[in-house]
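[1] Predicted structure and sequence below. I'll ask about it afterward.
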Amino acid sequence: MRYALLSLFLLPLSGCGGETQVNFSSAEAAMEAGDAALAARDAEAAVAAFSHAFNHDFVVDCEMAWKARARLCEAELLGGNIEGAKKVLEVVLAPESSATSSGLRRLGDAMVLAGEADLAEQLMVAAVKRFPEEREVFSRIADGLEALKSGDAQALAALGYAGD
């Protein structure tokens, strides 16, 4: 993890205030750096790392790809980029998507954590429709969504959705 953090902090910048160029040796390194950036509440670095984790030619298992998308959604929401989060949701809800139930759960958690009830509700409807036999996987999100809509901060905290 230290190497992933080091690579995140030593990212070369383009000359004229352009985008940060991100290079990681593996999807795992990108994920570790993204997780560290998200924990530090650095949305820009987290978005760059998680985007890199599934947008490059790494051989990535499905679970890691969906974890990267969920964390990317969380980073986009942290940075206040609702449109970016909606784009991730569009990819997830596309008919040809290979989303897993655990990936959808992670996305739902990120949306509830960010207080985005509309996005979380869209995700819940699609997730239960796609995985009706795994309805219990989404029960925490459903409870969080209910608490979010009612404004019950204590219930959200009890479910583990307390913000930093």
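    Received it, and whenever you're ready, just let me know what you need.
[2] Show the pLDDT at Cys16.
    pLDDT recorded at Cys16 is 34.
[3] repeat for Leu10
    Looking at Leu10, its pLDDT reads 40.
[4] other SSEs contacting the strand or helix carrying Ala110?
    In this assignment (DSSP states H and E), Ala110 forms part of helix 101-113. If you count contacts as 3 or more C-beta pairs under 8 Å, 6 or more residues apart in numbering; DSSP states H and E, helix 101-113 packs onto helix 62-78, helix 82-93, helix 117-130, helix 139-150. Bear in mind the C-beta positions are built from the backbone N, C-alpha and C, glycine included.
[5] In the first one, which residues are buried?
    What it means is helix 62-78. Neighbour-count burial for helix 62-78, counted by 16 or more other C-beta atoms under 10 Å, picks out 64-78.
[6] Might you report the residue contacts of the residue nearest to Leu148 when sequence neighbours are not counted?
    Counting by C-beta to C-beta, 6 or more residues apart in numbering, Leu148 lies nearest to Ala117, which is 5.0 Å off, once chain neighbours are set aside. Going by C-beta atoms under 8 Å, 6 or more residues apart in numbering, Ala117 touches Leu145, Leu148, Lys149.
[7] do you know how far the nearest residue to the first one once chain neighbours are set aside is from Arg140?
    Excluding the flanking residues, the one nearest Leu145 by C-beta to C-beta, 6+ apart is Ala120, at 5.0 Å. Look at Ala120 and Arg140: by C-beta to C-beta, to the nearest Å, they are 11 Å apart.
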